[in-house]
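Novice: got a predicted model here, sequence first, then my questions.
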Amino acid sequence: MKIGIIITTFLRPKLMYEIVNNILKYWHSDYILFIGDQSFKTEDEKMIGFSEFSENVKYNDKPVNWYALPYDCGLSYARNELFKRAQEAGCDYVFLSADSYKFTKVYDFKSIIEFLEISPERGLVGFVEEAKSTPNWCWDMELIPNDCFELSKPKRPKIEFQGLKFQPCNVTQNFYLAKTKMVIDVPHDNELKLCEHEDIMYRFKQAGWYVFFSDSIQCHYVNDKPTEYNEKRRRIYNIYKKKLQEKYKIKGWIRIRR
């Protein structure tokens, strides 16, 4: 079964090359890699970017697909585009990662896919960064009208399957394996270049998809935020937080119920 590895990147070319080479190091025969780069303002820059990619990443014996996306198109647009490419390539599953997450081993998703295949409503299993405490990326979520998104610790019992434990939940980290049908049927909101996490996880829930968390797969986070990238990223706290609030008619953002 083919799995589309999804990597979006923006204004961090050195880190992107490092991450891609890391994935190639821990390659599985089921993988097809899809990279969406929204860093280039002109066609000339796109050509240079592709040339640098071709020269620096040894990928000729692996199915790697690189796309120059519109400049600053946003995480949502980039992910939607790559999900579509993966669907077109016949990938039944997509593994969403990022240009700051390093693989720590060859990930074998066989047991996780078999777990998801048990029911058509089972759509996604989220994973975790090394050294992260599980509750940080495993939540249930409710939308409190006129107020905020409220997160709480999941209380549903874990499900054991083939030696793994799966926690039913609503929210996981954006480091997950999902059915391609799920991410195509419930696409990201392209208006949310950032602050998209709460929105997409809430809409997965509203659409009736089941989400789970497992710590069986971990990644290593690379904290590399160049100045230009960081300036763009900080828009989450004003522009895109406000867009999220307007969309859901809420005054706040996130509240954790203790």
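Specialist: Yes, it's here.

Novice: hey, which helix or strand in the protein has the poorest pLDDT?
Specialist: For the chain, the helix or strand with the lowest mean confidence is helix 43-56, at a mean of 67 (criterion: mean pLDDT, DSSP states H and E).

Novice: state the number of residues packed around Ile250.
Specialist: 16 (other C-beta atoms under 10 Å). No exception for glycine: its C-beta is placed from N, CA and C like everyone else's.

Novice: hmm, Glu142 and it touching each other?
Specialist: No. Counting by C-beta atoms under 8 Å, Ile250 stays clear of Glu142, with 11.7 Å between them.

Novice: who's sitting farthest from the centroid in this structure?
Specialist: Distance to the chain centre peaks in the chain at Asp44, reaching 28.7 Å (criterion: C-alpha atoms, centre = their mean).

Novice: what is the lengthiest strand in the chain packed up against?
Specialist: Ranked by number of residues, the top strand in the chain under DSSP state E is strand 210-221. Packed against strand 210-221 by the contact rule (3 or more C-beta pairs under 8 Å, 6 or more residues apart in numbering; DSSP states H and E) you find strand 101-103, helix 110-116, strand 122-129, strand 164-169, strand 171-172, helix 197-206.

Novice: can you redo these as TSV with distance to Ile35?
Specialist: Converted to TSV, the helices and strands packed on strand 210-221 look like this (distance: least, C-beta to C-beta, whole Å):
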stretch	distance to Ile35
strand 101-103	13
helix 110-116	23
strand 122-129	20
strand 164-169	29
strand 171-172	22
helix 197-206	20
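
Novice: can you map out the strands along the chain?
Specialist: All strands of the chain, identified by DSSP E, fall at 3-9, 31-37, 64-68, 93-96, 101-103, 122-129, 138-144, 148-152, 159-161, 164-169, 171-172, 176-179, 210-221, 254-256.

Novice: who does the fifth one pair up with?
Specialist: Pointing back at strand 101-103 there. Its sheet considered, strand 101-103 pairs with strand 210-221 (antiparallel) by DSSP bridges.

Novice: try the last one
Specialist: According to DSSP bridges, the neighbouring strands of strand 254-256, each with its direction, are strand 148-152 (parallel).
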